[in-house]
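Trainee: got a predicted structure here, sequence first:
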Amino acid sequence: MSNLLIDAEALYGALCSGAAALRGPQTRLVGITSGGAWLAERLQQDWALPGQAGRISSAMHRDDFAQRGLSAKGQTELPFDVNGADILLLDDVLYTGRTIRAVINELFDYGRPASVRLAVLVDRGGRELPIQADFAAARITLAASQSLALARGDDNRFTFDIQEA
């Protein structure tokens, strides 16, 4: 565990206000399993949007699928037609860009959106692919041996956990 403290609730507040500029009248929220899905669900409520947010898994398109396998939880659920949709993709942490690449491939399995924008709580750098967020609530640097994971409490409040690999 690291001594670095990251206030996930404060970052959520920044995401809520900052990502609003990426939203149009027909924007659909899609969260990446699991942290991004939690963000999308909460934003859907806080922004008082109709319907429900989508959830998308990167599992089927990951380049490390053989090592990670398929999780029974967190499968893709898109409760709207992807074709022509304006999509705001949400994730908790942007790191190498590989998850985003996999998620975009998964998204296009469901149709061809008009646009896809990305908002994240934390951009930790370390990109291996040319992918960037349209909005990041914070940019931090962690050692490659560290991982950052969003947790959600029973009260729906967010915290971050930094772990050593």
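Mentor: Received it, and whenever you're ready, just let me know what you need. Residues are numbered from 1 along each chain as shown.

Trainee: switch to C-alpha atoms for all contacts and neighbour counts from now on
Mentor: Fine.

Trainee: could you give the backbone dihedrals for Leu39?
Mentor: phi -60, psi -50 (degrees, to the nearest 10).

Trainee: cool, Ile56 as well?
Mentor: phi -130, psi 140.

Trainee: residue contacts, it?
Mentor: Neighbouring residues of Ile56 by Cα atoms under 8 Å, 6 or more residues apart in numbering: 30-33, 37, 74-78, 103, 106-107.

Trainee: helix, strand, or coil at Arg28?
Mentor: Three-state assignment for Arg28 (DSSP: H, G, I helix; E, B strand; the rest coil): strand.

Trainee: Asp134 contacts Val122, correct?
Mentor: No: Asp134 lies out of contact with Val122 (Cα atoms under 8 Å); the separation is 11.9 Å.

Trainee: those two - which one has more neighbours?
Mentor: Looking at Asp134 and Val122 with other Cα atoms under 10 Å, you find the greater number of neighbours at Val122, namely 26 against 14.

Trainee: for that one, give me its contacts.
Mentor: Counted by Cα under 8 Å, 6+ apart, Val122 has contacts Asp92, Val93, Leu94, Ala136, Ala137, Ala138, Arg139, Ile140.

Trainee: and the contacts of Ile56, which of them are in strands?
Mentor: Val30, Gly31, Ile32 (DSSP state E).

Trainee: tell me which residue is most central in the chain.
Mentor: Asp91 (1.2 Å; Cα atoms, centre = their mean).

Trainee: brilliant, that's me finished.
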